[in-house]
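Chemist: Generate a structure from the sequence data that follows.
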Amino acid sequence: GPQLSISNSEGDLLFLLDSSGSVSYYEFSRVKEFMWDLVQPFAFGPKDVQTSIIHISTTPTMEFPFDRYLSSGTLQQAIRDTQQLMGDTNTGKALSYAKEKFFSDEAGARPDVPKVLVWVTDGFSTDDISEPMQLLKDMGVTVFIVSTGRGNYLELSAAASQPPEKHLHFVDVDDLPIITKELRDAILDVIQANRLHAVDITSSSFRLMWPKLLSQETGYYTLEYAPTDDLARKRTNQVSGAHTSFMLSNLAPETTYEVALIPESNIHYFPPQTTRVTTLAEEISPAQVLISESGPHSFLVSWAPTLDSVIGYQILYGPLPGNSVKLLEVDGKHNSTVVENLAPNTTYLVTVTAIYKSGREKSLSAKACTQEEGSKVRHLRFEDMGPNTLKASWDSADGKVLGYRVRCRRQTGPSSVISVSPQIHSVLLTDLASGTTNKVCVKPMYKNQPGKGLCRMVHMQPGELGCKAESRG
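Modeler: Numbering: from 1, shown residues only. Predicted structure coming up:
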């Protein structure tokens, strides 16, 4: 679906793309799709993310400089237009070339922004990579490696930034989409670290994080925030210079806030940092109500989700039609309760109401049916009727039975279900291989729902006639 643009990220992102003859045309095109999916939500520009591609081939080549494409549309087209060069897999050479370009003005790279290298490889290189890779990391570049081939784990985990579980992925070329979000989030952690940004976003709060610019002695921060569509409702907080995070709470759900962090330093000027954060939609409870474990005089009511903002639930229930209603009250931490002392074979309307700490209420209803009294099959027994065949018989269930459903789960061969009319109390079961154990269940059917079934396991003795049954109620 459409993704929101991710701003508040500043960094130079370089793809090291295996463009050599060891990569098939199909793999090359899948990797290009993956590169685009990975960067598509970023905001591009001189104050945001810039990206470039270096080809690994006999001689490394830069596809375009970092500052060439400053919009998603032009960058997407540039990635699509990238052609495979073929040639040798001289990755070490390409890494040395990347080190020059990462810190070069004419390649459009910027000083003092985070540098991220994403190397997509089929795990094969003709020259040494360890030394040029170490030099890159020593210069502060964060290295992510995606291996779509066999690849030597020890060599690649030493080449990637630490820890490898965050920076190294082994994945088949067709499964690249599986790792896209995880890799993008890890890249964001690197390029957002030196900008004001929000984490732990909920429907009513988020935590702001920013780099350490001041100390307790050198000044303080002023935080200003307001809904984008109502900037007149600006609120202000002062935060100690020793802090690098602050929690904003009591916010409105599904609302975009403009946030500004103003470092008030008594030594030198720091420009204000701004970000835009949208709170999540509010979670509502109950969003669903389920009825289960129905008997003649009781059933279980459960609901979801349970929320910290709910202090308690009220369960109202009464027979339909009718207007006699009873009330149960349950603590806000619980998500189910048993309703008892009910009339058999009756439809009830059950309403679960959440009482929020704020005083507001939210209700959801469901219908529930109790079973008929004694709506259970009794005395299921078996009689041998020749090779691989049994007769199953039972005593009738109480109440107004509409029929019986007999299910046979064979240890070998298909399961079967036979429905019979209420006057019939036996069926023939065939194709029961000798030496197998099979499960037979009989359930009475009523107007509102099935009654309680009775199940037994039947073992077909091998070699001779005769069967052995164990009862399972």
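
Chemist: ok, now which ones touch S71?
Modeler: S71 is in contact with F44, counting by Cβ atoms under 8 Å, 6 or more residues apart in numbering. (Each C-beta comes from the backbone N, C-alpha and C, glycine too.)

Chemist: S302 versus that one, what's the distance?
Modeler: 50 Å (Cβ to Cβ, to the nearest Å).

Chemist: beta partners of K452?
Modeler: K376 (DSSP bridges).

Chemist: same question, A198
Modeler: L208.

Chemist: Would you enumerate the residues in contact with it?
Modeler: By Cβ under 8 Å, 6+ apart, the contact list for A198 reads 206-209, 259, 275, 277.

Chemist: Narrow these to those that are buried.
Modeler: Buried members of the contacts of A198, counted by 16 or more other Cβ atoms under 10 Å: 206, 208-209, 259, 275, 277.

Chemist: okay if I get these as JSON lines plus pLDDT?
Modeler: As requested, the buried ones among the contacts of A198 are exported to JSON lines (pLDDT from 0 to 100):
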{"residue": "F206", "pLDDT": "91"}
{"residue": "L208", "pLDDT": "91"}
{"residue": "M209", "pLDDT": "87"}
{"residue": "V259", "pLDDT": "95"}
{"residue": "T275", "pLDDT": "87"}
{"residue": "V277", "pLDDT": "90"}
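
Chemist: and which of those residues is nearest to L85?
Modeler: Within the buried ones among the contacts of A198, the smallest distance to L85 is 39.9 Å, found for T275 (Cβ to Cβ).

Chemist: distance of the closest one from Y313?
Modeler: Relative to Y313, and taking Cβ to Cβ, T275 is found at 38 Å.

Chemist: Show me where the stretch 51-200 of the chain has its strands.
Modeler: 61-64, 115-121, 141-147, 168-170, 197-199 (DSSP state E, counting those that start in this stretch).

Chemist: Looking at the ones you listed, which one is packed in the most?
Modeler: Per residue and on average, the most neighbours among those fall to strand 115-121, with a mean of 24 (mean count of other Cβ atoms under 10 Å).

Chemist: elements contacting that strand?
Modeler: strand 11-18, helix 25-39, helix 91-102, strand 141-147, helix 176-192 (3 or more Cβ pairs under 8 Å, 6 or more residues apart in numbering; DSSP states H and E).

Chemist: Adding mean pLDDT and distance to N237, write those out as JSON lines.
Modeler: JSON lines is the format used below for the helices and strands packed on strand 115-121 (pLDDT from 0 to 100; distance: least, Cβ to Cβ, whole Å):
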{"stretch": "strand 11-18", "mean pLDDT": "94", "distance to N237": "28"}
{"stretch": "helix 25-39", "mean pLDDT": "93", "distance to N237": "34"}
{"stretch": "helix 91-102", "mean pLDDT": "92", "distance to N237": "38"}
{"stretch": "strand 141-147", "mean pLDDT": "93", "distance to N237": "32"}
{"stretch": "helix 176-192", "mean pLDDT": "89", "distance to N237": "21"}
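
Chemist: Ranking these by mean neighbour count, which comes first?
Modeler: strand 11-18 comes out most buried of those by mean count of other Cβ under 10 Å, with a mean of 25.

Chemist: Run through who's touching that one.
Modeler: With contacts defined as Cβ under 8 Å, 6+ apart, strand 11-18 is touched by 31, 35, 39, 49-56, 63, 66, 82, 89, 91, 94-95, 98, 101-102, 109-110, 113-122, 187, 190-191.

Chemist: What of stretch 246-255?
Modeler: So stretch 246-255 is contacted by 203-208, 223, 225, 227, 237, 239, 257, 259, 278-282 (Cβ under 8 Å, 6+ apart).

Chemist: starting at the chain centroid, how far to it?
Modeler: 23 Å (Cα atoms, centre = their mean, to the nearest Å).

Chemist: shaky segments in the stretch 301-450 of the chain?
Modeler: Applying pLDDT under 70 to the stretch 301-450 of the chain flags the ranges 374-375.

Chemist: all strands for it, in order.
Modeler: Going by DSSP E, counting those that start in this stretch, the stretch 301-450 of the chain shows strands at 310-319, 326-331, 336-339, 347-356, 361-369, 378-384, 390-395, 403-409, 416-420, 426-429, 437-445.

Chemist: ok, the residue lying closest to S358 once chain neighbours are set aside - contacts?
Modeler: Sequence neighbours aside, S309 is the residue nearest to S358 in space, at 7.3 Å (criterion: Cβ to Cβ, 6 or more residues apart in numbering). Residues counted as contacts of S309 (Cβ under 8 Å, 6+ apart) are 356-358.

Chemist: from the residues you listed, which is closest to L231?
Modeler: L231 lies nearest to S358 out of the contacts of S309, by Cβ to Cβ, at 25.8 Å.

Chemist: Distance-wise, check that closest one relative to V330.
Modeler: 19 Å.

Chemist: now do R405
Modeler: Taken as Cβ to Cβ, the span from R405 to V330 is 35 Å.

Chemist: do K400 as well
Modeler: Distance, K400 to V330, using Cβ to Cβ: 34 Å.

Chemist: Mind checking which of those two has more residues around it?
Modeler: Per other Cβ atoms under 10 Å, whichever of K400 and V330 has more neighbours is V330, with 16 against 12.

Chemist: from the middle of its chain, how far away would stretch 397-414 be?
Modeler: Between the centre of stretch 397-414 and the centre of its chain there are 39 Å (Cα atoms, centre = their mean).

Chemist: Next, the buried residues of that stretch.
Modeler: 397, 399, 401, 404-410.

Chemist: Could you work out the end-to-end span of that stretch for me?
Modeler: Start and end residues of stretch 397-414 are separated by 28 Å (Cα to Cα, to the nearest Å).

Chemist: what stretches of the stretch 151-300 of the chain score poorly on pLDDT?
Modeler: Ranges of the stretch 151-300 of the chain meeting pLDDT under 70: 193-194.

Chemist: Recalculate using a threshold of 80.
Modeler: Judged by pLDDT under 80, the stretch 151-300 of the chain has its weakly predicted residues at 151, 192-195, 283.

Chemist: And the helices in it?
Modeler: 153-159, 164-167, 176-192 (DSSP state H, counting those that start in this stretch).

Chemist: which strands and helices sit next to the last one?
Modeler: Looking back up the chat, that one is helix 176-192. By 3+ Cβ pairs under 8 Å, 6+ apart, helix 176-192 packs against strand 11-18, helix 25-39, strand 115-121, strand 141-147, strand 168-170.

Chemist: now those as TSV including distance to G322?
Modeler: Shown next, in TSV, are the helices and strands packed on helix 176-192 (distance: least, Cβ to Cβ, whole Å):
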stretch	distance to G322
strand 11-18	67
helix 25-39	57
strand 115-121	66
strand 141-147	64
strand 168-170	61
